[in-house]
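K.L.:
Quick one, what's the 3D model for this:
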Amino acid sequence: MTIDRNRTVLAILACACAFVVAPTSSPIAAEECATSSYGEGVTLDDSILAAEILARPDDWAGRTVRVEGEVAAVCQMAGCWMDIVAGEGDDLLRVKVEDGVIVFPTAAKGQRAVAQGEVEILEMSAEKWESWKRHMAEEQGLEFDPADLGEGPYRLVQLRGTG
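P.N.:
Residues are numbered from 1 along each chain as shown. Model prediction:
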């Protein structure tokens with residue numbers, strides 16, 4: 001099967017499971033992103049500031065929250081994550097979804113998004129952190145710089161997205 005056929009089959013299967021999915025074989029326009037719902041949708045009424053979650057992640061771990069913000073980046077390979085600007089600085093909150101269940105369109109970059117999911121904290125060894133950072137740089141077509149690793153503890157705070 002070709003990559004495009006694999007993507008089309010994946011999109012059909014996801015739709016059959018009652019998920020709203022944007023097929024990655026044909027990019028959608030930013031206007032369509034603004035009116036689209038993915039996964040289970042958003043059911044919570046009140047949003048939490050992503051910056052607040054990042055400032056005190058242990059207080060939010062395991063809780064289902066709704067966040068809003070501008071999409072700074074989208075996974076270029078599978079649409080399996082998007083980064084939401086968390087405030088006025090460079091802080092980003094990653095919304096990670098199960099590969100193929102929800103596919104964030106690349107056209108979402110620069111658009112406003114509302115996401116819902118469970119806050120999770122992933123503890124990593126120095127080796128795993130470096131491997132993850134390398135992968136993220138490669139995925140975005142960026143040069144990996146070991147100077148960006150920082151000093152531990154190595155924790156990834158993200159939203160396990162459901163809609």
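
K.L.:
all strands for the chain, in order.
P.N.:
64-74, 81-85, 92-96, 112-124, 154-161 (DSSP state E).

K.L.:
pretty sure G87 contacts A55?
P.N.:
No. G87 lies out of contact with A55 (C-beta atoms under 8 Å); the separation is 9.0 Å. In short, each C-beta sits where N, CA and C put it, glycine included.

K.L.:
first vs last residue of stretch 93-105, how far apart are they?
P.N.:
17 Å (C-alpha to C-alpha, to the nearest Å).

K.L.:
now that stretch, how far from the chain's geometric center?
P.N.:
Counting by C-alpha atoms, centre = their mean, to the nearest Å, stretch 93-105 is centred 5 Å from the centre of its parent chain.

K.L.:
go on, stretch 48-62?
P.N.:
That offset, for stretch 48-62, works out to 16 Å (C-alpha atoms, centre = their mean).

K.L.:
my guess is G161 contacts G39, does it?
P.N.:
Yes. Assessed by C-beta under 8 Å, G161 is found in contact with G39 at 6.7 Å.

K.L.:
These two: which is more packed in?
P.N.:
Taking neighbours as other C-beta atoms under 10 Å, G161 and G39 compare with G161 leading, 24 against 21.

K.L.:
count of neighbours near the closest residue to S125 other than its chain neighbours?
P.N.:
Spatial nearest neighbour of S125, excluding adjacent residues (C-beta to C-beta, 6 or more residues apart in numbering): Y154 at 7.0 Å. Using other C-beta under 10 Å, Y154 has 18 neighbouring residues.

K.L.:
With E118 as the reference, measure out to Y154.
P.N.:
20 Å (C-beta to C-beta, to the nearest Å).

K.L.:
Could you check the pLDDT of R134?
P.N.:
Model confidence at R134, given as pLDDT, is 87.

K.L.:
which residues does it contact?
P.N.:
Going by C-beta atoms under 8 Å, 6 or more residues apart in numbering, R134 touches F144.

K.L.:
now do A113
P.N.:
E68, G69, E70, V71, M82, I84, V95.

K.L.:
So what sits opposite the fifth one in the bridge?
P.N.:
For M82, the beta-bridge assignment (DSSP bridges) gives partners V74, V95.

K.L.:
What of the second one?
P.N.:
In this structure, G69 bridges to A113 when assessed by DSSP bridges.
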